[in-house]
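Chemist: I would like to see how this sequence folds:
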Amino acid sequence: MRGLAEFVMRGRPQALLVGIIGASSLMFAWVSAAVVALVTLRKGTAEGAALLAWLILPAGFLLALFGDPGPLGLILGTAALAFMLRSMVAWQPVLLGAIGVGVISGLMMLWFAEPQLQMMVKMFEDFFANLQTEMPDGQQVPAPGIVTLAGMLGLMNAVTCVLSLLLARYWQALLYNPGGFRDEFHALRLSPQVAVLLTVLMLAVGFYGFEYRPWAVLFAVPLSVAGIAFIHARAAHRGLGVGWLSLFYVFWLVLDPVKMVVIGVAVADSVMNFRGRWQSQGGNKD
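Modeler: Alright, predicted model coming up:
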């Protein structure tokens, strides 16, 4: 990864080459998104916008050819978040911006990709119909509808945009400020007002039922990132190794209760500022 970042930062032709290759692929558009973010963070919004203008072409071609807006939405969303981080130098507004990216992505799917969503609904209906025949006692498993699928795709785009931006920030620190990304990520924390508001909005939207749950989870994205940052900071404070963090990610990925605990930790840390207490206590790890 370091070699790729160094190659990209040699000049615009190199960044353009890597960006176009990634943007021309459905699987590696995240690389192009991270490249645009890295150039923006290091060289400024003008240079990032110039690169973005070229990468829109292959991503738009994929949209026209396959009807898949994913690469285009990912590159545009990550670029928007990178512009925010470059100008504000703060993660909280960027993470809130990721919610907007997810909402806009989901709405764009509803407005302009309804045929594709209908095809996906049909596929899920067939799959769940076969699944229900194997369920005991005639249990019903609801198949996602158009609104649910649009929300899921918007959520996926928001999460991938944040991950691409984090990768770009990591690259930037790796090349120009070793160790800087670690310190910055460990300090990532939401304000109490924002954390509580996001929790209320998440619960309020989720209250409308299964169809709107992916839209509700969008409000949990900033909380999840802040919670994971807290876990990393705590692990570093207690001297826990990579193995412990790897085990945490395994549980976080497969167990929904762990995801809820991470969100709860983020809210609690926002209100009580545990990391500030660690710093005031110096070397005390209890």
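
Chemist: any idea which element residue 54 lies in?
Modeler: helix 45-66 (DSSP states H and E).

Chemist: swap in residue 201?
Modeler: Per DSSP H and E: helix 192-206 holds residue 201.

Chemist: sorry, back to before: for the helix holding residue 54, C-alpha coordinates in PDB please.
Modeler: Only the C-alpha atoms of helix 45-66 are listed here, as PDB (Å, rounded to 0.1, in the frame of the first residue of the first chain):
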ATOM      1  CA  THR A  45      -9.100  20.900  -3.400                       C
ATOM      2  CA  ALA A  46      -8.200  22.300  -6.800                       C
ATOM      3  CA  GLU A  47      -5.900  19.400  -7.600                       C
ATOM      4  CA  GLY A  48      -8.400  16.900  -6.200                       C
ATOM      5  CA  ALA A  49     -11.200  18.400  -8.200                       C
ATOM      6  CA  ALA A  50      -9.100  18.200 -11.400                       C
ATOM      7  CA  LEU A  51      -8.400  14.500 -10.800                       C
ATOM      8  CA  LEU A  52     -12.100  13.900  -9.900                       C
ATOM      9  CA  ALA A  53     -13.200  15.400 -13.200                       C
ATOM     10  CA  TRP A  54     -11.300  12.800 -15.200                       C
ATOM     11  CA  LEU A  55     -12.400   9.900 -13.000                       C
ATOM     12  CA  ILE A  56     -16.000  10.700 -13.500                       C
ATOM     13  CA  LEU A  57     -15.700   9.600 -17.100                       C
ATOM     14  CA  PRO A  58     -14.900   5.900 -16.600                       C
ATOM     15  CA  ALA A  59     -17.200   5.700 -13.600                       C
ATOM     16  CA  GLY A  60     -20.000   7.300 -15.700                       C
ATOM     17  CA  PHE A  61     -19.300   4.800 -18.400                       C
ATOM     18  CA  LEU A  62     -19.800   1.900 -16.000                       C
ATOM     19  CA  LEU A  63     -23.100   3.500 -15.000                       C
ATOM     20  CA  ALA A  64     -24.200   3.800 -18.700                       C
ATOM     21  CA  LEU A  65     -23.000   0.300 -19.600                       C
ATOM     22  CA  PHE A  66     -24.100  -1.800 -16.600                       C
END
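
Chemist: I'd like the next helix or strand past the helix holding residue 201.
Modeler: helix 213-218.

Chemist: What is that following helix packed up against?
Modeler: helix 91-112, helix 146-176, helix 192-206 (3 or more C-beta pairs under 8 Å, 6 or more residues apart in numbering; DSSP states H and E). Quick note: C-beta positions are derived from backbone N, CA and C, even for glycine.

Chemist: For the helix holding residue 54, which outside residues touch it?
Modeler: With contact meaning C-beta atoms under 8 Å, 6 or more residues apart in numbering, helix 45-66 is reached by 12, 15-16, 19-20, 23-24, 26, 29, 32, 35-37, 39-41, 68-69, 71-72, 75-76, 79, 82-83, 86-87.

Chemist: Dump the helices and strands packed on helix 213-218 to TSV, plus distance to residue 270, mean neighbour count and mean pLDDT.
Modeler: TSV is the format used below for these (distance: least, C-beta to C-beta, whole Å; neighbours: other C-beta atoms under 10 Å; pLDDT from 0 to 100):
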stretch	distance to residue 270	mean neighbour count	mean pLDDT
helix 91-112	10	20	94
helix 146-176	18	22	96
helix 192-206	4	16	96
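
Chemist: As a markdown table, those with distance to residue 239 would be great.
Modeler: Shown next, in a markdown table, are the helices and strands packed on helix 213-218 (distance: least, C-beta to C-beta, whole Å):
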| stretch | distance to residue 239 |
| --- | --- |
| helix 91-112 | 25 |
| helix 146-176 | 22 |
| helix 192-206 | 27 |
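
Chemist: Quick one: closest of those helices to residue 118.
Modeler: Nearest to residue 118 among the helices and strands packed on helix 213-218 is helix 146-176; the distance by C-beta to C-beta comes to 6.9 Å.

Chemist: helices and strands around the closest one, which ones?
Modeler: helix 2-8, helix 29-43, helix 70-88, helix 91-112, helix 114-133, helix 180-186, helix 213-218, helix 221-237.
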